[in-house]
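Visitor: What shape does this take:
(chains A and B)
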Number of protein chains: 2
Amino acid sequence: MENHTLAGPVDPSPGDFSPTARTRLRRLSERGHYDRKTVYEILDAGLVCHVGYVIDGQPYVTATAYWRIGGRIYWHGSAASKMLRHLKGGVPVCFTVSLLDGLVLARSGFHSSINYRAVMALGRAQLVADRDEKLAALTAFSERLTPGRWPELKPPSEQELKATTVISLELEEVAAKVRTGPPKDDEEDLSLPVWAGVVPVATVLGQPEADPLLAPDIPAPAYLQDISIG
Amino acid sequence: MENHTLAGPVDPSPGDFSPTARTRLRRLSERGHYDRKTVYEILDAGLVCHVGYVIDGQPYVTATAYWRIGGRIYWHGSAASKMLRHLKGGVPVCFTVSLLDGLVLARSGFHSSINYRAVMALGRAQLVADRDEKLAALTAFSERLTPGRWPELKPPSEQELKATTVISLELEEVAAKVRTGPPKDDEEDLSLPVWAGVVPVATVLGQPEADPLLAPDIPAPAYLQDISIG
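Guide: Got it, this is the predicted structure:
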């Protein structure tokens, strides 16, 4: 909400997205956005996505952290993860990010709503198989969240790299959906004696809690204060 | 995080959930919970779910507000919504709620993680077709979020009720997944000179912003200060 500047690099060359029959907003079309800038800003503000996939006709939705590099999004996890073992086969996925910005309290239940920013991307997930590309992707994830921390960490061992699966999805069939602003009541309801407006919702970070096993002479690094989510 | 008391009624009679081949956590099984209390507490803390469904082999994940009444969860929207028109046919869905509680910064990227509470429910969505049941469900949604507000609002017209689709899902095949606490580094990494710990993440509500069209003599009601999400 406060800081929607681009946290990641903007790919300069490709143009905006084209709505398809699967991504075009038919109702409330004013909420739909297909430009790369809006999509990237939402993606770069979020941390957790919800990935949808199908196994034996049953949809599954798994929440997981993600990050963006140029025109691709990435997520990762254990190589033993059921989701990741399935997705690396290049099956159709739906990648959704939604950020809750406010409760919209109208004078009727019917017009009450929610302010939000969301992105939906459809496509086929790809396994990041190359060892160096995988390492670069994991580095980018760490640096997106805690810039400057990666060089401080123990570098991943080859065994850890093998035990980690990284998945990517090219942003091709994509739509953003955004609602902002006050309620839109019917004209004849405006004089009702009931409060109407927006209750803002934000994601905030609390004071860092040091690991009980942390040596007392290690201070909390400055980048912890700069983390921004939402 | 701060207030995880039960916001909705607890159904006293049915027992806990039984993990199935589709919901049992095989890895990190200590994070899995199948008791009704844990599931209800997470559901009652959240506001936005992600619903997964399949159309022509393609998974879709839609974010939407939800609420719980006893052993069922509900969500709603325009009768013209593509998602809702599809779901009312009783197709398989996956309902997922995830609440982000913290960033877990370990001494290696490999052991870095996220603290969260999540619930996944599988089943077939059902249309709430009965007019009175629909009205009761919509009332419960309003009261969950802003207790005491519903009687102040303009009651829904029959036309508005018809234009609103309410979907419900019985909680049957359900699992919760929770991670809490500090990082779990490898023993040999504990002496590394790098900060480790948890950065808490919370959802907070800001000061209510009155509708610009609100008459100046209508004060902000007290229940706005009691809203709790996350």
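Visitor: In terms of helices and strands, where is A:Gly123?
Guide: Per DSSP states H and E, A:Gly123 falls inside strand A:113-124.
Visitor: Can you tell me what sits against the lengthiest helix in chain A?
Guide: Longest helix in chain A by number of residues (criterion: DSSP state H): helix A:131-145. Applying CB atoms under 8 Å, 6 or more residues apart in numbering or on different chains, the contact partners of helix A:131-145 are A:7-8, A:44, A:47, A:65, A:67-69, A:74, A:76, A:128, A:149-150, A:153, A:156, A:161, A:164, A:166, A:168, A:227, B:103, B:109, B:112. For every residue, glycine as well, the C-beta is placed using N, CA and C.
Visitor: Can you give me the buried ones in stretch A:130-140?
Guide: A:Lys134, A:Leu135, A:Ala137, A:Leu138, A:Thr139, A:Ala140 (16 or more other CB atoms under 10 Å in any protein chain shown).
Visitor: cool, and stretch A:202-214?
Guide: A:Ala202, A:Thr203, A:Leu205, A:Pro208, A:Ala210, A:Asp211, A:Leu214.
Visitor: Stretch A:147-162 now?
Guide: Buried-residue list, stretch A:147-162, by 16+ other CB under 10 Å: A:Arg149, A:Trp150, A:Leu153, A:Lys154, A:Pro156, A:Glu160, A:Leu161.
Visitor: Kindly calculate the angle that the top strand by length along chain A makes with strand A:113-124.
Guide: Taking DSSP state E as the criterion, chain A has its longest strand at strand A:92-105. Per axes from the mean of the first three to the mean of the last three CA atoms, to 10 degrees, the angle that strand A:92-105 makes with strand A:113-124 is 170 degrees.
Visitor: tilt between strand A:92-105 and helix B:131-145?
Guide: 80 degrees.
Visitor: What is the neighbour count of A:Ser191?
Guide: Residues lying near A:Ser191 (other CB atoms under 10 Å in any protein chain shown) number 9.
Visitor: got a list of what it touches?
Guide: B:Ala215.
Visitor: hey, where'd the strands end up in chain A?
Guide: Using DSSP E, strands in chain A cover A:32-33, A:48-55, A:58-69, A:72-78, A:92-105, A:113-124, A:126-127, A:164-170, A:173-179, A:197-205, A:209-210.
Visitor: Sheet partners, orientation included, of the third one?
Guide: If you go by DSSP bridges, strand A:58-69 pairs up with strand A:48-55 (antiparallel), strand A:72-78 (antiparallel).
Visitor: Which stretch among those strands is buried most, on average?
Guide: strand A:48-55 (a mean of 23; mean count of other CB atoms under 10 Å in any protein chain shown).
Visitor: list the helices and strands the helix-or-strand element of chain A with minimal mean pLDDT packs on?
Guide: The weakest-scoring helix or strand in chain A, judged by mean pLDDT, DSSP states H and E, is helix A:82-87 (a mean of 90). Here helix A:82-87 touches strand A:48-55, strand A:58-69, strand A:72-78, strand A:164-170, going by 3 or more CB pairs under 8 Å, 6 or more residues apart in numbering or on different chains; DSSP states H and E.
Visitor: need the ones you listed in TSV with distance to B:Tyr53, can you?
Guide: Output for these, formatted as TSV (distance: least, CB to CB, whole Å):
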stretch	distance to B:Tyr53
strand A:48-55	8
strand A:58-69	6
strand A:72-78	21
strand A:164-170	19
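Visitor: Next, format those as TSV and append mean pLDDT.
Guide: Shown next, in TSV, are the helices and strands packed on helix A:82-87 (pLDDT from 0 to 100):
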stretch	mean pLDDT
strand A:48-55	97
strand A:58-69	97
strand A:72-78	96
strand A:164-170	97
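Visitor: For B:Thr96, which of those is the nearest?
Guide: Ranking those by proximity to B:Thr96 (CB to CB) places strand A:58-69 first, at 4.0 Å.
Visitor: Give me the angle between that closest one and strand B:173-179.
Guide: Using the same axes, to 10 degrees: strand A:58-69 against strand B:173-179 is 30 degrees.
Visitor: returning to that earlier point: next, the buried residues of the strand holding A:Gly123.
Guide: Neighbour counts over strand A:113-124 (16+ other CB under 10 Å) mark A:Ser113, A:Ile114, A:Asn115, A:Tyr116, A:Arg117, A:Ala118, A:Val119, A:Met120, A:Ala121, A:Leu122, A:Gly123 as buried.
Visitor: my guess is the fourth one meets A:Ala176, correct?
Guide: Put plainly, it is A:Tyr116. No: at 10.5 Å, A:Tyr116 does not count as touching A:Ala176 under the criterion of CB atoms under 8 Å.
Visitor: For burial, what's the neighbour tally of A:Gly89?
Guide: Neighbours around A:Gly89, by other CB under 10 Å: 10.
Visitor: re the thing from before, return the longest helix of chain A as CSV; C-alpha atoms alone will do.
Guide: Output of helix A:131-145 as CSV, limited to C-alpha atoms (Å, rounded to 0.1, in the frame of the first residue of the first chain):
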residue,chain,number,x,y,z
ARG,A,131,22.5,-25.6,-11.8
ASP,A,132,23.8,-22.0,-12.3
GLU,A,133,20.4,-20.7,-13.4
LYS,A,134,18.9,-22.3,-10.2
LEU,A,135,21.6,-20.7,-8.0
ALA,A,136,21.0,-17.3,-9.7
ALA,A,137,17.3,-17.6,-9.1
LEU,A,138,17.7,-18.5,-5.4
THR,A,139,20.1,-15.6,-5.0
ALA,A,140,17.5,-13.2,-6.6
PHE,A,141,14.8,-14.5,-4.2
SER,A,142,17.0,-13.8,-1.1
GLU,A,143,18.0,-10.4,-2.4
ARG,A,144,14.4,-9.4,-3.2
LEU,A,145,13.5,-9.9,0.4
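Visitor: average pLDDT across that helix?
Guide: Mean pLDDT, computed over helix A:131-145, is 96.
Visitor: tell me the angle that helix makes with strand A:164-170.
Guide: 80 degrees.
Visitor: for helix A:131-145, the distance to its chain's centre please.
Guide: Chain-centre distance of helix A:131-145: 16 Å, with CA atoms, centre = their mean, to the nearest Å.
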